[in-house]
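Trainee: any chance you could fold what I've pasted below:
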Amino acid sequence: MRRFAVSLMLFAMIRATVPFPPVSAQESTHKFTVRTNVVLVPVVVTDKRGNHIPGLTATDFEVNQDGKEQKIASFEEVSSEATPAQRVTGSPRSFTNQVVAQHPKKLVIIALDLLNTSFAGRTEARRGLVKFLSSLDPNTLSALVVFRQSCVSMIHNFTSDPGILIGAIKKLQAPPSPGPTLNVSGDVQSQEDGEAAQLTAILQGTAGGDAGPLTIRGAISVINANKAKMDLSFQHQAGLVTLEDFQQLALYFGSVPGRKSLIWASSGFNFAIGTVTGEATRGATSEDWERTVRMLQDANIAVYPVDVSGLSTSSPGASSVYTNNNIEPGGSIEGRSAILQSIEAGVFHDPAGAKHETMRIVAERTGGIAFYNFNNSDDLFRRATLDSTQYYLLTFATKDINKDGWHKIEIKPKRDGTEVRYRTGFFVTKDMRNPDLTRQTDELLATTSALSFTMLPVTVEWQQVEPAGDKRKVHFSLTFPVGVISIDTEHENDFNMDFLAVARDVSGQNVSQVNQHLARKLPEAAVNQIEGNGLTYVNSLTLPPGEYHVTIVVRDNLTGRIGSITAPLTVQP
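Mentor: Numbering: from 1, shown residues only. So this is what the prediction gives:
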């Protein structure tokens, strides 16, 4: 197979293109093992003051995996640029998720977590983020996203003007405009969910709507009463929804090159493991955690959690950066879960210990830092910005790609006065060797997400329309650039992809959809054509006249890479 490593490892990518006839349901899918074994590790190297140390070489470091020294295969110093990543533009009838970016970008992603944060914490988070942005380096590209119970939303894409983001944060105090949105379960909910309206009532000292004017204390009482009626299952579900939000961000930002810093402004959630995926409580399983960490690593995203709960710096363990080493979670997720259950039971004195442990684990495993209050907000932004600006990228080969589980990485600097920060390891999971295992999960996530997934670039173009009784048959094409689709040349030129198109009306209801699974062994002539021109796929949707949003999802089943885009469509009578 023609292949090369992407981000962490274990992606076999090749070139692929051309319309294909329908494939029968009886055709079987050939499974194969991906054998790429290169591990990529971004390493932040600073002096005691937190300043980047330039000019180092591979000889300045020792790398160990699972306690065994590894030979560094490549080593380079990376300096990111602040120019924006650009979307490819097309005709009014074409839409794409493709990003044009040739060099690593200096990126900071701000995630305002309304899902896991109390109403008081949300107010504090907004104030803190405005303070953050007021001191932000103007050469830093920033983006703002929001975690809600219903979905993860892009408030503003990358900009170098912090004033734009400050305005966007302030607008969150007002109710969003009416319109449907999708949650991770696929249910349609109105954006008028009352969260923003209730928050505005608190900020202004009143609560609008049928309740009439209320004092701040009264508004808080109403909110607390409503929260007390919340289904207990949501408390278990919040952790899983948050992990899925992280996954969506990884799939959205993953195509932008370079190390990206994600500031997660939240109160956090307890590190809990459910017993069965899909049960009523939908507690997060160990597989959910492994998948999330791996996807963040593959997208080269380091998470910087910041607790917006307003902890006092005099509280035990409430320093601005995580330094408490009294809680040693052990090697397995199950082991850490047991310890965190003891935290919740009061064995440890810090009542926020379980949530802080969650924050610490997410930061440690992606290469970020956990902050536990807003008092050092300037330091948080400085660190997150510098970490994405200058760093080293090293690679080494591993022989353990068939050994599932967590593989620990340790990087030791040989030069005195040097501090390093990096991902502390990587997961090897069954779906790395057989991406087909997560097909259904990936495609459901893509069809219900408000974000476009960019790991597999695709352009959709609306073409001719023809009558079909009282409906219309709308033809469309999907095109993929050269070099992004896989062909398994070691197994008779295997080609394996899924194509989905779901049309929803203005109320968010599914009106029509098409899906096709194509698994073929391509002749050499087709391979050459694909490698030279890219891939084109054609199909059609049959719809009554009206206004629609059509979500296109494509998945390369040989690598597990997925792309999606939502395009507007007007069908004339």
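
Trainee: after the helix or strand where I155 lies, which helix or strand is next?
Mentor: Using DSSP states H and E, I155 sits within strand 152-159. Following strand 152-159 in sequence order, the next helix or strand is helix 162-171 (DSSP H and E).

Trainee: show me what that next one is packed up against.
Mentor: helix 119-134, strand 141-147, strand 152-159 (3 or more C-beta pairs under 8 Å, 6 or more residues apart in numbering; DSSP states H and E). For every residue, glycine as well, the C-beta is placed using N, CA and C.

Trainee: mean confidence (pLDDT) on the longest one, please.
Mentor: Right, the one you point to is helix 119-134. Taken as a whole, helix 119-134 has a mean pLDDT of 72.

Trainee: same deal with the last one?
Mentor: Along strand 152-159, the predicted confidence averages to a pLDDT of 80.

Trainee: biggest helix in the protein by residues?
Mentor: Looking across the chain with DSSP state H, the single longest helix is helix 232-253.

Trainee: and the protein, what are its domains?
Mentor: Listed domain ranges for the chain are 99-193+231-428, 435-571 (source: automatic domain parsing).

Trainee: dump those domains into CSV; add mean neighbour count and distance to S74 as well.
Mentor: CSV is the format used below for these (neighbours: other C-beta atoms under 10 Å; distance: least, C-beta to C-beta, whole Å):
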stretch, mean neighbour count, distance to S74
domain 99-193+231-428, 19, 5
domain 435-571, 18, 21
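
Trainee: which one of those has the lowest average pLDDT?
Mentor: domain 99-193+231-428 (a mean of 71).

Trainee: which ones are touching the closest residue to E81 other than its chain neighbours?
Mentor: With C-beta to C-beta, 6 or more residues apart in numbering as the criterion, E81 has its nearest non-adjacent residue at 5.4 Å, and that residue is H103. Applying C-beta atoms under 8 Å, 6 or more residues apart in numbering, one finds that H103 lies in contact with 80-81, 257-258.

Trainee: nearest to L535 among those residues?
Mentor: P257 (22.6 Å; C-beta to C-beta).

Trainee: then the closest one would be within a helix, right?
Mentor: No: per DSSP: H, G, I helix; E, B strand; the rest coil, P257 lies outside any helix segment and is coil.

Trainee: so who does the closest residue to it other than its chain neighbours touch?
Mentor: Of all residues not flanking P257 in the chain, P104 sits nearest, at 4.9 Å (C-beta to C-beta, 6+ apart). Contact analysis of P104 by C-beta under 8 Å, 6+ apart lists 78-81, 257-259.

Trainee: and P104, how far is that from S79?
Mentor: 8 Å (C-beta to C-beta, to the nearest Å).

Trainee: A250 too?
Mentor: 24 Å.

Trainee: can you pull the contacts of G268?
Mentor: 116, 305, 307, 352, 355-356, 358-359 are the contacts of G268 under C-beta under 8 Å, 6+ apart.

Trainee: just give me the closest of these to T242.
Mentor: Nearest to T242 among the contacts of G268, counting by C-beta to C-beta, is N116 at 6.2 Å.

Trainee: the closest one is in what secondary structure piece?
Mentor: Going by DSSP H and E, N116 is not part of any helix or strand.

Trainee: go ahead and confirm it touches W264.
Mentor: No: counting by C-beta atoms under 8 Å, N116 does not reach W264; the two are 9.5 Å apart.

Trainee: confirm the residue nearest to E81 sits in a strand?
Mentor: No: counting by three-state DSSP, H103 is not found in a strand; it is coil.

Trainee: just the strands in the stretch 1-150 of the chain please.
Mentor: 38-46, 61-65, 68-70, 72-79, 86-87, 94-96, 99-100, 107-113, 141-147 (DSSP state E, counting those that start in this stretch).

Trainee: ok, back up a step: as JSON lines, the helices and strands packed on helix 162-171 with distance to K408 would be great.
Mentor: Shown next, in JSON lines, are these (distance: least, C-beta to C-beta, whole Å):
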{"stretch": "helix 119-134", "distance to K408": "33"}
{"stretch": "strand 141-147", "distance to K408": "30"}
{"stretch": "strand 152-159", "distance to K408": "30"}
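
Trainee: for K473, find the nearest of the ones you listed.
Mentor: Nearest of those (C-beta to C-beta): strand 152-159, 32.5 Å.

Trainee: and the contacts of that closest one?
Mentor: 84-85, 105, 107, 112, 141-146, 164-165, 168-169, 172, 181, 245, 248-249, 252, 449-451.

Trainee: what angle sits between it and helix 162-171?
Mentor: 160 degrees (axes from the mean of the first three to the mean of the last three C-alpha atoms, to 10 degrees).

Trainee: who does strand 152-159 pair up with?
Mentor: Strand 152-159 has its sheet partners listed here by DSSP bridges as strand 141-147 (antiparallel).

Trainee: which neighbouring elements make contact with the helix or strand where R439 lies?
Mentor: Taking DSSP H and E as the criterion, R439 maps to helix 439-448. If you count contacts as 3+ C-beta pairs under 8 Å, 6+ apart, helix 439-448 packs onto helix 232-253, strand 494-504, strand 546-556, strand 561-571.

Trainee: returning to that earlier point: nearest to A468 among the contacts of G268?
Mentor: Looking across the contacts of G268 and measuring by C-beta to C-beta, the closest to A468 is N116, at 47.1 Å.

Trainee: residues contacting that closest one?
Mentor: Counted by C-beta under 8 Å, 6+ apart, N116 has contacts 147, 238, 242, 266-269.

Trainee: could I get the residues you listed in JSON lines, plus columns for distance to A384?
Mentor: Putting the contacts of N116 into JSON lines (distance: C-beta to C-beta, whole Å) gives the following:
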{"residue": "F147", "distance to A384": "18"}
{"residue": "A238", "distance to A384": "24"}
{"residue": "T242", "distance to A384": "19"}
{"residue": "S266", "distance to A384": "15"}
{"residue": "S267", "distance to A384": "19"}
{"residue": "G268", "distance to A384": "17"}
{"residue": "F269", "distance to A384": "21"}
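
Trainee: let me know the closest of the residues you listed to Q390.
Mentor: S266 (27.2 Å).

Trainee: the closest one touches V303, doesn't it?
Mentor: No: look at S266 against V303 with C-beta under 8 Å: they stay out of range, at 10.4 Å.
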